[in-house]
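Need coordinates for the below:
(2 chains)
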Amino acid sequence: KQEVTQIPAALSVPEGENLVLNCSFTDSAIYNLQWFRQAPGKGLTSLLLIQSSQREQTSGRLNASLDKSSGRSTLYIAASQPGDSATYLCAGGSGNTGKLIFGQGTTLQVKP
Amino acid sequence: SQTIHQWPATLVQPVGSPLSLECTVEGTSNPNLYWYRQAAGRGLQLLFYSVGIGQISSEVPQNLSASRPQDRQFILSSKKLLLSDSGFYLCAWSVGVGQPQHFGDGTRLSIL
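Have a look, this model is predicted:
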């Protein structure tokens, strides 16, 4: 059974810092890993998707990596801004249904 | 471009009342559709998914049901709500297994 864990649960950094969010999964048979951002009380915004055959994906200040052998993914945010404050969720796709197994999320606060 | 709509945004219902939440997708045909629930203090959990009209699969036993009467319409229902049905309900779509899932803005359901 796939389980996804995100550490830390909460993170507070000063503006301008680079930071890394961690995601680990127990079943290496995932076919992709997707990172989302969720503002308080809002829906999810897809940030990056890494297919199982890929090692990383980049979009602007965001870089996501995937290491299936170790069961880990990281989301790197460069030059953080107060507007980056949100909860970041990772989710592994597995099975033949396309369902995602979500971690509990990391709540990020970037202080001006 | 594709868009996904959910309504209502918020809903307050008494215990034992019926429920109908609606989700529609525009700009794509034959999408995979998903209903997730995010309960307080818990991660997102898949409730139902559908790969086509009239095709519904349930992930967890519960007091809820889902239907897909049209290609781009996904409905979440209950005949009698329980207190434990409170939560944030999110609808998502993708073009297929292994492809990114895109989420609506969600419905916050409170049961009194």
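
nearest residue to A:S80 other than its sequence neighbours?
A:V110 (4.6 Å; CB to CB, 6 or more residues apart in numbering or on different chains). (Glycine included, C-beta is placed from N, CA and C.)

secondary structure element for the one you found?
Per DSSP states H and E, A:V110 falls inside strand A:106-111.

what's in contact with that strand?
A:6-15, A:17, A:19, A:21-22, A:77, A:80-88 (CB atoms under 8 Å, 6 or more residues apart in numbering or on different chains).

cutoff 6 Å now
With contacts defined as CB atoms under 6 Å, 6 or more residues apart in numbering or on different chains, strand A:106-111 is touched by A:6, A:10-15, A:21, A:80, A:82, A:84-85, A:87-88.

that older thread, so how many other residues sit close to the residue nearest to A:S80?
A count of nearby residues for A:V110, using other CB atoms under 10 Å in any protein chain shown, gives 20.

now do B:R68
Neighbour tally, B:R68, other CB under 10 Å: 20.

dump the residue contacts of it.
Counting by CB under 6 Å, 6+ apart, B:R68 has contacts B:50, B:53, B:74.

Are any of those residues buried, and if so which?
B:50, B:74 (16 or more other CB atoms under 10 Å in any protein chain shown).

I'd like to know which of the contacts of B:R68 is nearest to A:L62.
B:F74 (29.6 Å; CB to CB).

Can you check what pLDDT the model gives that closest one?
Looking at B:F74, its pLDDT stands at 97.

Hmm, B:T24 and it touching each other?
No: B:F74 lies out of contact with B:T24 (CB atoms under 6 Å); the separation is 7.7 Å.

Name the residues contacting each of those two.
With the criterion set as CB under 6 Å, 6+ apart, the contacts of B:F74 and B:T24 do not overlap.

gap between the residue nearest to A:S80 and chain B?
Note on A:V110: its distance to chain B, by CB to the nearest CB, to the nearest Å, is 23 Å.

Repeat that for A:L49.
5 Å.

need the contacts of B:R68 in a markdown table with distance to chain A and secondary structure, can you?
Formatted as a markdown table, those follow (distance: CB to the nearest CB, whole Å; DSSP: H, G, I helix; E, B strand; the rest coil):
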| residue | distance to chain A | secondary structure |
| --- | --- | --- |
| B:S50 | 10 | strand |
| B:I53 | 17 | coil |
| B:F74 | 14 | strand |
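
Show me which residues of the strand holding A:V110 are buried.
Under 16+ other CB under 10 Å, the buried positions of strand A:106-111 are A:106-108, A:110.

How about stretch A:18-35?
Under the neighbour-count rule (16+ other CB under 10 Å), stretch A:18-35 has A:19, A:21, A:23-25, A:30-35 buried.
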